[in-house]
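*Asks:* structure here, sequence nowhere to be found:
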């Protein structure tokens, strides 16, 4: 729990909950327009509850790091440092700024300018992304979340016509390329925004930590725990969406 706090995860939970609630609202408006009223909004807010998400993620992180005392100590040493706290504050602030579509567009433009100028910082940003294996981890969690949503949706279907998990997995996997492209673009936008104020030396130091044994263990544990948490939420969201759609058909 000390590591959970040092990584700034308590401060991040409200932001993640707001992201999820925004996604749920958009999903409802697109899937069953006119029926995405108080009942749907209440379901989305219940599923994307900040306190519940934080408790579930913390429990998952503890399970994933069981017996990894050395890695936890190494990660705490980094995140408790001045650089670690600077990184954490920058990451939370960037994630909050990306809730605003105008901020997101401005960040995307900034990345394009860096590419046009062939800025050497792009190489450092890519090193960070590679050290954290961020694209592969995000794609895996996105695919897992999409499958969980489809499974939840299927739970509202009549047993006789309910889709099999294998068929749903095939449908989801067919979108792997799209998930990879969107994940890669979002991660670079977020990275450039979050770490814009870090010096080149600080960027290298952060990459070194992520590539270290402690960084690798803790990063993998965090992705595993967050993937588990969001699969539960998305399965619940799919179930609620299925009930709304069934009601619409009736």
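*Replies:* The structure has been received and is ready for your questions. Treat the numbers as computed from the prediction; the structure is a model and nothing was measured.

*Asks:* what sits against residue 127?
*Replies:* 203-204, 207 (Cβ atoms under 8 Å, 6 or more residues apart in numbering). The way it works is simple: take the backbone N, C-alpha and C, and place the C-beta from them, glycine included.

*Asks:* turn those into TSV, columns for neighbour count.
*Replies:* Output for the contacts of residue 127, formatted as TSV (neighbours: other Cβ atoms under 10 Å):
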residue	neighbour count
203	19
204	14
207	20
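
*Asks:* now residue 192: phi and psi?
*Replies:* Main-chain dihedrals, residue 192, degrees, to the nearest 10: phi -60, psi -40.

*Asks:* so it makes contact with residue 109?
*Replies:* No: the criterion here is Cβ atoms under 8 Å, and residue 192 misses it with residue 109 at 10.5 Å.

*Asks:* quick one: low-confidence ranges for the chain?
*Replies:* Applying pLDDT under 70 to the chain flags residues 248-250.

*Asks:* residues contacting the helix or strand that contains residue 111, please?
*Replies:* If you go by DSSP states H and E, residue 111 is part of helix 101-116. With Cβ under 8 Å, 6+ apart as the test, helix 101-116 has contacts from 97-98, 121-122, 185, 188-190, 192-193, 196.

*Asks:* how far does whatever helix or strand comes next after it sit from the chain's center?
*Replies:* For helix 101-116, the following helix or strand on the C-terminal side (DSSP H and E) is helix 121-131. Distance of helix 121-131 from its chain centroid, counting by Cα atoms, centre = their mean, to the nearest Å, is 19 Å.

*Asks:* and the helix or strand that helix 121-131 is followed by, what does it pack onto?
*Replies:* Next in sequence after helix 121-131, counting helices and strands by DSSP H and E, comes helix 134-154. Packed against helix 134-154 by the contact rule (3 or more Cβ pairs under 8 Å, 6 or more residues apart in numbering; DSSP states H and E) you find helix 165-173, helix 176-194, helix 213-249.

*Asks:* buried deepest among those helices, which one?
*Replies:* Each of the helices and strands packed on helix 134-154 was scored by mean neighbour count; the highest is helix 213-249, a mean of 19, by mean count of other Cβ atoms under 10 Å.

*Asks:* which other helices and strands contact that one?
*Replies:* helix 9-31, helix 38-47, helix 50-64, helix 69-79, helix 134-154, helix 200-211.

*Asks:* of the ones you listed, which is nearest residue 222?
*Replies:* Of all those, helix 50-64 sits nearest to residue 222, with 6.3 Å by Cβ to Cβ.

*Asks:* residues in contact with that closest one?
*Replies:* Applying Cβ under 8 Å, 6+ apart, the contact partners of helix 50-64 are 1, 3-4, 9-10, 13-14, 16-17, 20, 220-222, 224-226, 228-229, 232-233.

*Asks:* likewise stretch 195-207?
*Replies:* So stretch 195-207 is contacted by 83, 86-87, 90, 110, 120-121, 124-125, 127-128, 131 (Cβ under 8 Å, 6+ apart).

*Asks:* let's see it at 10 Å
*Replies:* With contact meaning Cβ atoms under 10 Å, 6 or more residues apart in numbering, stretch 195-207 is reached by 78, 81-84, 86-87, 89-91, 93-94, 107, 110, 114, 120-121, 123-132, 191, 215.
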